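Asks: sharing a model that was predicted from the sequence below.
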Amino acid sequence: GHTEAAFAGALGVRLGGPAMYLGKVIDKPFIGDDVGRIRPDAIKTSHKLVLVGSLYFIASILTLRAVILF
């Protein structure tokens, strides 16, 4: 839920809501504000967010490793 909430906020959309599990509809809360509609370019934006977040994570781990080893 945390990651979904972060993406909903970054993209300015509302995600979640009722979902189907094993053929049964489960009422789940919506995440984010219904500020805008999901646009086709939101997928490209979400890919960029994942890439940048991953690069920051890798840089953080490498920095910590360098600090600990020296």
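Replies: Perfect, I can see it now.
Asks: tell me the mean pLDDT over the longest helix seen in the chain?
Replies: Ranked by residue count, the top helix of the chain under DSSP state H comes out as helix 41-69. For helix 41-69, the mean per-residue pLDDT is 92.
Asks: how about that helix: buried residues?
Replies: residue 42 (16 or more other C-beta atoms under 10 Å). C-beta: built from backbone N, CA, C; applies to glycine.
Asks: what's that helix packed up against?
Replies: Counting contacts by 3 or more C-beta pairs under 8 Å, 6 or more residues apart in numbering; DSSP states H and E, helix 41-69 is packed against helix 2-11.
Asks: hmm, who's touching the helix or strand that the helix it packs on is followed by?
Replies: Using DSSP states H and E, the helix or strand that follows helix 2-11 in sequence is strand 15-16. Contact partners of strand 15-16, identified using C-beta atoms under 8 Å, 6 or more residues apart in numbering, comprise 4, 7, 8, 28, 29, 30, 31, 32.
Asks: go through those and say which is closest to residue 64.
Replies: Proximity of the contacts of strand 15-16 to residue 64 (C-beta to C-beta) peaks at residue 7, which lies at 25.7 Å.
Asks: not including adjacent chain positions, what is the nearest residue to that closest one?
Replies: residue 46 (6.0 Å; C-beta to C-beta, 6 or more residues apart in numbering).
Asks: good, wrapping up.
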